[in-house]
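> here is a sequence together with a model predicted from it:
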Amino acid sequence: MPHAPTDARDDLTAHLHRAGYYPELVADVLDVALAGEEVVAHLVQAETTFDSEVRRHLTVLVLTPTRLVTAHVDDHTGEDPARPGSASATTEVVPVREIRSVALTHVIADPERYPRRGATREVTLAVGWGAVSRVDLEPASCVDPNCTADHGLTGQVTPDDVVVRVSGEAEGDAAVRAAVDFAKALSLATSA
């Protein structure tokens with residue numbers, strides 16, 4: 001269930017602190033982007049990746065009566081290990097009327113027993129408004145198995161403005177439910 005508007009700002013702040021990733025910084029950049037507008041619903045998704053070092057990333061989606069506010073916060077390590085690293089925090093504000101698509105992919109465990117024992121184990125929320133698109137290309141094929149000609153490429157363009165993946169195994173079932181609830185609230189807001 002989406003968070004009630006009267007409690008949503010406090011609930012957002014609590015979720016930022018629970019995520020534990022520069023909560024005051026994130027709250028401040030969101031405050032600027034929200035510009036005093038009421039919070040209707042929100043989703044806070046922390047992600048840690050491991051490559052040559054540990055990197056943290058936070059994505060926050062906030063729905064207001066008229067806009068979708070996104071915030072992305074990333075760690076950056078400096079070249080000098082003796083000096084502290086830095087973080088970058090980017091917000092984007094999109095009018096709800098500009099949102100073109102809200103796609104939610106459900107990964108269901110044990111679908112034969114759904115809904116009794118099969119449960120949504122993971123969701124991926126993709127929201128598109130036309131600012132960013134992903135192009136997936138592959139070699140074009142020919143029906144002639146003996147053909148050696150180059151037929152160019154074929155592919156598709158997919159809106160990819162913001163994508164948030166929430167795994168029940170990593171974040172818990174409550175996080176999956178929160179992502180689904182946010183998607184419901186956003187879908188409803190874009191239908192008006």
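Nice, thanks for sending it over.
> helix, strand or coil for residue 180?
At residue 180 the chain is in helix, as set by DSSP: H, G, I helix; E, B strand; the rest coil.
> that one reaches residue 105, doesn't it?
No. Applying CB atoms under 8 Å, one finds residue 180 not in contact with residue 105, separated by 11.2 Å. Where C-beta positions appear, they are placed from N, C-alpha and C, glycine not excepted.
> which SSE is immediately downstream of the lowest-mean-pLDDT helix or strand in the chain?
Every helix and strand of the chain was ranked by mean pLDDT, DSSP states H and E. The lowest is strand 153-159, at a mean of 70. Sequence order places strand 162-167 as the next helix or strand after strand 153-159, per DSSP states H and E.
> that next one packs against which elements?
Counting contacts by 3 or more CB pairs under 8 Å, 6 or more residues apart in numbering; DSSP states H and E, strand 162-167 is packed against strand 41-50, strand 54-63, strand 119-128, helix 173-191.
> quick one: closest of these to residue 35.
strand 54-63 (11.6 Å; CB to CB).
> now do that closest one, average pLDDT.
Confidence over strand 54-63 (mean pLDDT, whole number) is 89.
> just checking: what are the partner strands of that strand?
Sheet neighbours of strand 54-63, with direction, are listed as strand 41-50 (antiparallel), strand 67-76 (antiparallel) (DSSP bridges).
> got TSV for those strands, with mean pLDDT too?
As requested, those are exported to TSV (pLDDT from 0 to 100):
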stretch	mean pLDDT
strand 41-50	86
strand 67-76	92
